[in-house]
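A.B. asks: The following comprises the amino acid sequence and a computationally predicted model.
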Amino acid sequence: IDEVGLAEAGTRCRVASALFTYRCSIACSHCLFGASPERAGVVMSAAQCVRALALLHATGRVVHIAGGEPMLYWDVLADSVRLAHKEGHAPHFIETNCSFAADDALVRERLAFLAAHGVKGLLASADPFHQRHVPAERFLRVRRIAQEVFGRPNFWGSEASESEIRSLEAIARDEDRLRQYVRRHPPA
């Protein structure tokens, strides 16, 4: 990661994931976990998360915490990251749909905490599936601040222009445009 950045390292070394929760702030139609706000509020404990991270680190892969939406459980996530860092097993990155990103101060505070506790970067989602539920401005805010905090190579997400990101909201609301988009960009 230090040499090539998060996205490149993840592609080369593959990614191993700790699935922190199935609960999500949104319900994307393509979600392979069926994550949604209706899922039970079950989340790993900090101890469970640290054990999982230690096992995943042993695989030699790039390790991350995913969900659902891990940021829904910030206090438990922060405790997990703090403890994992102390034990030498901090995740390399956290995955988010950006729904938490209501203002700059909150995003900056959370990302600075993660960076101070050994997290190398962030993966953030931007596509019509996510922007059906999450305003594009939240992704743009997360991308901007994550690149400031972690450096551009350690932000894993769309590099599309601001206008292209904002257009995803309109695509999400128009079934014909969404079908065309999916044909050109199948969900990953």
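C.D. replies: Looks like it came in fine. Numbering: from 1, shown residues only.
A.B. asks: what are the ranges of the strands in this structure?
C.D. replies: For the chain, the strands identified by DSSP state E occupy 15-19, 62-66, 93-96, 121-124, 155-156, in order along the chain.
A.B. asks: can I get those in CSV with mean pLDDT and distance to residue 145?
C.D. replies: Using the backbone N, CA and C atoms, a C-beta is placed for each residue, glycine as well. Written out in CSV, the entries for these read as follows (pLDDT from 0 to 100; distance: least, C-beta to C-beta, whole Å):
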stretch, mean pLDDT, distance to residue 145
strand 15-19, 96, 22
strand 62-66, 97, 18
strand 93-96, 98, 12
strand 121-124, 98, 9
strand 155-156, 98, 9
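A.B. asks: Looking at those strands, spot the one closest to residue 180.
C.D. replies: Shortest distance between residue 180 and the strands of the chain, using C-beta to C-beta, is found for strand 121-124: 23.8 Å.
A.B. asks: which other helices and strands contact the closest one?
C.D. replies: Strand 121-124 sits against strand 93-96, helix 136-150, strand 155-156, with contacts defined as 3 or more C-beta pairs under 8 Å, 6 or more residues apart in numbering; DSSP states H and E.
A.B. asks: coming back round to it: switch the strands of the chain over to CSV; also include mean neighbour count and distance to residue 183.
C.D. replies: As requested, the strands of the chain are arranged in CSV below (neighbours: other C-beta atoms under 10 Å; distance: least, C-beta to C-beta, whole Å):
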stretch, mean neighbour count, distance to residue 183
strand 15-19, 18, 26
strand 62-66, 25, 27
strand 93-96, 26, 25
strand 121-124, 26, 24
strand 155-156, 24, 24
